[in-house]
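*Asks:* 3D, please:
(chains A and B)
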Amino acid sequence: MIRALIVDDEIHSREELEAILGETGSFWVVGKCDNAIDALKAIKREKPEVVFLDIQMPGITGMELLSMIDQEIMPIVVFVTAYDEYALKAFEESAFDYLLKPVEKQRLLKTTLKIQKRLGERYSNAFIAPAIKRIPCVGPNRIKLINISDVEYVRSDVSGVYLVCAQGEFYTEITLRVLETRTGLIRCHKQFLVNIDHVDEIILHENQAAAIKTRLKKSVPVSRRYLKKIKEKLEV
Amino acid sequence: MNLFLQLFQTMAVFLVVGYLYCKSPWFRPLTNQNLDRRDKVHLYFFFSALSIMGTYLGHPVHGALANTRAIGPVLAGMIGGPVLGTAVGFTGGLHRYFQGGFTAFSCGLSTTTEGLVGGLLCLYLTRRNRLQDIFKPGVAFLTAAAAETLQMIIILAVSRPFFDALALVKVIALPMIVTSSCGCAIFMSIIRDQRDMYDRAAAVFSSRAFNIAERSLSLLSKGFNRQTADEMAKIIREETGVSAVAITDTEKVLSFVGVGSEHHLPDTPISSPLTKLAIKENRVAFADGAQDHYTCFISATCPLNSVLVAPLAVDDVVIGTIKLYETSNKRFLNMNKSLGEGIARLLSNQLLVSKYQQQKSLLIMSELKLLQAQVNPHFLFNSLNTIIAILRKDAGRARELLMSLSSFLRKGLKKSGQLSTMAEELAHVNSYLAIEKARFEDRLTVEMDIDPDLLNLKLPAFTLQPIIENAIKHGIANMLGPGVAKIRAYKENNVAIIEIEDNAGTFCENGNENGLGIKIVDRRLRLMAGDNYGANVSCVPNELTKVTISIPLEDYEYDPCVNRG
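*Replies:* Residues are numbered from 1 along each chain as shown, chains lettered A, B, ... in the order given. Next up is the predicted model:
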């Protein structure tokens, strides 16, 4: 059985897909999500082998979601779309396959065989993901999309990853590592990324570590390991 | 005293020459503020000739000549500046020098100096930005008087023997100073009057041209047809005052107003060879009535004698002509000739603009057709997918949804040019909403509040559905939370107001993307009912987008192809 996750904002679409996936007898649906942010959580939690992903979704599109998934747990991605002139292009760039709604059973069987073959080969599903331009942050009763350019720095602790910007701190599902590779944010500490455009000054300490003062007058620690890299970046 | 009279006679000859010059075509340069090199050469020859003539018409006094040679150089200097003045003075002076006599050298020198004096005055006034003063007769009088006085001083200073010179100056000084100054002043006043006349004629010309332009511009945007041609012909006749005006297309007369209109009837084929020539070669044809005559082929007693035929061309393709006629007892004025040519050019441009506007309005119509014909495939396949899914669970509901889809598609086949009632529009909206509500389930709530009196209101077909589709497709479908669409229709001061509101508030950021549908609805309502009606959008980011449509309550005619510019 292939562990599959369904991501689609329309309830009937999700149910229909679940039904025909069941009919093939090859899939075990580990979860159904109606938006990209829930999908990000579910992928981290369930680590499905394949994701059936709708492209047009509110807030974060299916394409954007792909950039936010850690490459190490990247599942096989099959786009499912009603009609999208960009579907083919998207498929070529990052998806394994695509299906058109309403999904035909014969077509789905083809995809199933392809997936089974790929899973046997143990290829990496990693691909060159496009850069993330805005980060979805989950707050009570709302989801906020924050532009990378507004972020001062990012910190992580046991409770999760937080973006710090002028409006405050926001929790995000995206890992520090994904943010480091897919945004322009720079690693300055095991638990911190900093937006180099917001650096106001760097205060050097005696033990070869340092601290960054951001424009919002916040202090971000810089460990010895990353200080050199940051200096290079700033050309000092 | 005798000398006075003689010099005045000479001056009179000068003034006749000056008057003739001002009436000649060479006068043109003098009307220009800025003279170019060619103009200056012209002026140089004219004033040098004048100066030399002054010497020849001089009267021998004590072995010298009493003369009005100074007028040329002084005027040349005042009009053309120091270089021209000195050059004319030097030429006149050189000529005088070779005539001999004991004042030969002093007179030659002084004439050159007089040119320079005029020139320096011109330079002074130009620098002071007082160009208009150059043409004041009083200024010319004083300048000439000063120059002639200077001449007398030079004669006294240079000519030898001094006593002969003194005797000479005593005799000639007063007559020469007075006559030359008067001559310069009168000459200058002739020039000034001529200039003013040119200016006045130009002012009359431009005011007529502006009048015609102003009155005709809006007219032609309604198209080039018999009715607009008729109004146009009347305007042109009123403004130019010619005997008759005709407007033709490439085959027949569209309109004829004025003398001869009883036999020059609209819709008769073009018979004049001049008009045919103008159409064929896309150029102005002119019969001035003196050498070339206009001959009417329709009536032997037609009093029209001269004609100007100017082609109307759009993108270099002749589509008609404008004809201005005069009768045999009236001269065809040059001004009317250039006005006629100008009008034809102006109208050609205007036709080009209105052709462009017509195309633009056609474009809107085809955009609209496209928009409605385009039952957007995304919507169609999503609907089918939804219905297929529901079929699994609730065949009855699926059947109802298929009925809605079918009725929605059937409405889409209606022609966009037609009027439809509010009830029909709402039926269309409801079949659309039935499907979208099924797709989005509890993510979409629709609230409707329609004044029942408005159910028979007439509005262009496809006004409501595209706007509601916008609100859902670009608004609510992108919301993570629950979406609410509100549709309200009510009366306010004899105007029907329809409001379509969603709580997504996404229009502010992607206005251009989904503004087209609203723009088209707006354009159609404006075309139909005037600029007081239409559709407009207000938006509060992340809170709401509201489209407000206003439609007149009373009956109106709707012709989607009417272009109101």
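
*Asks:* can you pull the contacts of the residue nearest the centre of chain A?
*Replies:* By Cα atoms, centre = their mean, chain A has its centre lying nearest to residue A:68, at 1.3 Å. With contact set as Cβ atoms under 8 Å, 6 or more residues apart in numbering or on different chains, residue A:68 has these partners: A:36, A:40, A:60, A:132, A:135, A:136, A:173, A:174, A:178, A:182. All C-beta spots, glycine's among them, are computed from the backbone N, C-alpha and C.

*Asks:* quick one: pLDDT of the second one?
*Replies:* What it means is residue A:40. Looking at residue A:40, its pLDDT stands at 92.

*Asks:* do you know how far it is from residue A:144?
*Replies:* From residue A:40 over to residue A:144 the distance is 15 Å, taken as Cβ to Cβ, to the nearest Å.

*Asks:* Outline the domain layout of chain A.
*Replies:* As assigned by automatic domain parsing, chain A contains the domains A:2-121, A:134-234.

*Asks:* Sorry, slip of the keys, the one I care about is chain B.
*Replies:* B:2-200, B:226-354, B:374-552.

*Asks:* of all those, which lies closest to residue A:166?
*Replies:* Nearest of the domains of chain B to residue A:166, taken as Cβ to Cβ: domain B:374-552 at 17.6 Å.

*Asks:* wait, residue B:335 sits on residue B:201?
*Replies:* Yes - with contact defined as Cβ atoms under 8 Å, residue B:335 counts as touching residue B:201 (6.9 Å).

*Asks:* More neighbours: these two, which one.
*Replies:* Taking other Cβ atoms under 10 Å in any protein chain shown, residue B:335 and residue B:201 do not tie; residue B:335 has more neighbours (15 against 12).

*Asks:* What sits closest to the more buried one if chain neighbours are left out?
*Replies:* Leaving aside its sequence neighbours, residue B:335 sits nearest to residue B:205 (Cβ to Cβ, 6 or more residues apart in numbering or on different chains; 5.6 Å).

*Asks:* Identify the residues contacting the one you found.
*Replies:* B:335, B:338, B:339.

*Asks:* Quick check: what element follows the host helix or strand of it along the chain?
*Replies:* Residue B:205 is part of helix B:162-220 when elements are defined by DSSP states H and E. Helices and strands here follow DSSP H and E; after helix B:162-220, the next one along the chain is helix B:226-240.

*Asks:* what's that following helix packed up against?
*Replies:* Using 3 or more Cβ pairs under 8 Å, 6 or more residues apart in numbering or on different chains; DSSP states H and E, the elements in contact with helix B:226-240 are helix B:162-220, strand B:244-249, strand B:253-258, strand B:317-327, helix B:334-373.

*Asks:* could these be laid out in CSV, adding mean pLDDT?
*Replies:* Below are the helices and strands packed on helix B:226-240 laid out as CSV (pLDDT from 0 to 100):
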stretch, mean pLDDT
helix B:162-220, 82
strand B:244-249, 91
strand B:253-258, 91
strand B:317-327, 88
helix B:334-373, 74
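
*Asks:* all helices for chain A, in order.
*Replies:* With DSSP state H as the criterion, chain A has helices at A:11-24, A:36-46, A:62-67, A:87-93, A:105-121, A:176-182, A:224-234.

*Asks:* quick one: residue B:382 and residue B:506, what's the gap?
*Replies:* As judged by Cβ to Cβ, residue B:382 and residue B:506 stand 19 Å apart.

*Asks:* Just give the number of residues close to the closest residue to residue A:48 other than its chain neighbours.
*Replies:* Nearest residue to residue A:48 in three dimensions, chain neighbours excluded: residue A:5, at 4.0 Å (Cβ to Cβ, 6+ apart). Residues near residue A:5, counting by other Cβ under 10 Å, number 22.

*Asks:* By neighbours, which of the contacts of residue A:68 wins?
*Replies:* Neighbour count (other Cβ under 10 Å) singles out residue A:135 as the most crowded of these, with 28 neighbours.

*Asks:* For that residue, give its distance to chain B.
*Replies:* As judged by Cβ to the nearest Cβ, to the nearest Å, residue A:135 and chain B stand 15 Å apart.

*Asks:* Show the pLDDT at that residue.
*Replies:* At residue A:135, the pLDDT recorded in the model is 90.

*Asks:* Identify the residues contacting it.
*Replies:* For residue A:135, the contacting residues are A:68, A:145, A:146, A:148, A:151, A:163, A:172, A:174, A:179, A:183, by Cβ under 8 Å, 6+ apart.

*Asks:* can you list those residues in a markdown table and add pLDDT?
*Replies:* Formatted as a markdown table, the contacts of residue A:135 follow (pLDDT from 0 to 100):
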| residue | pLDDT |
| --- | --- |
| A:68 | 89 |
| A:145 | 86 |
| A:146 | 90 |
| A:148 | 91 |
| A:151 | 93 |
| A:163 | 93 |
| A:172 | 92 |
| A:174 | 91 |
| A:179 | 91 |
| A:183 | 88 |
